[in-house]
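Colleague: Need coordinates for the following:
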Amino acid sequence: MKLVDTNVFIYAVGGTHEYKGACARLSAELIRGEHDANIDTELLQEILYRFWRRGRHQEGLQLFDILITGFPDSLPITTREMTLARDLLSRHPQIGPRDAIHAAVVLTYDLEGIVSTDRGFDSIPGLTRFDPMDI
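Modeller: Numbering: from 1, shown residues only. Model (predicted):
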């Protein structure tokens, strides 16, 4: 199973971008259950926050509802993941806290990797990143 990063869904519903087409296609396939993938609860928080911050509250709520329907058993973030995220941040200061949390989820749940446009994940040993354009 792969973890899906927030940016896949952000690019899918966002404006013109080189990743928009691939992310929109992949998002639809993910929601239909065509891939062995899941999201974590941090992704849900990020969706709500990013859309609220941009004054697009209703769009964020709608996307949240779609995601919670497509991924009814999102992976929880516990102290275990947060402790590993803290460790990852101390060793890889180039990644942000949210990415460290997603990376920790991949590592603690022993997932195949993360589906993401963010090449920063490539710098974490033992973590495989799957580019949406390649799926």
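Colleague: What about Gly21, how many residues nearby?
Modeller: Other residues lying near Gly21 total 14 when counted by other Cβ atoms under 10 Å. C-beta coordinates here come from the backbone N, C-alpha and C atoms, glycine included.
Colleague: same deal with the one 4 residues further on?
Modeller: As a burial measure, Arg25 scores 14 neighbours (other Cβ under 10 Å).
Colleague: Okay, now the unreliable bits of this structure?
Modeller: Within the chain, no stretch falls below the threshold (pLDDT under 70).
Colleague: For it, which segments count as helices?
Modeller: In the chain, helices defined by DSSP state H lie at 6-13, 20-31, 41-53, 57-70, 79-91, 97-108, listed in chain order.
Colleague: Give me the packing partners of the second one, helices and strands only.
Modeller: If I follow you right, that is helix 20-31. When contacts are defined as 3 or more Cβ pairs under 8 Å, 6 or more residues apart in numbering; DSSP states H and E, helix 20-31 packs onto helix 6-13, helix 57-70.
Colleague: ditto for the shortest one
Modeller: With contacts defined as 3+ Cβ pairs under 8 Å, 6+ apart, the packing partners of helix 6-13 are helix 20-31, helix 41-53, helix 57-70.
Colleague: For those, give me a markdown table that also has distance to Ile114.
Modeller: Supplementary listing: these in a markdown table, determined by distance: least, Cβ to Cβ, whole Å:
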| stretch | distance to Ile114 |
| --- | --- |
| helix 20-31 | 13 |
| helix 41-53 | 11 |
| helix 57-70 | 16 |
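Colleague: And the ones you listed: which comes nearest Ser123?
Modeller: Distances from Ser123 to each of these were compared using Cβ to Cβ; the minimum, 19.3 Å, belongs to helix 41-53.
Colleague: Does Trp89 touch Ile101 like I think?
Modeller: Not quite, residue 89 is Leu, not Trp. No: using Cβ atoms under 8 Å as the test, Leu89 is too far from Ile101 to be in contact (9.5 Å).
Colleague: neighbour-wise, which of these two wins?
Modeller: The residue with more neighbours, out of Leu89 and Ile101, is Ile101; 24 against 18, by other Cβ under 10 Å.
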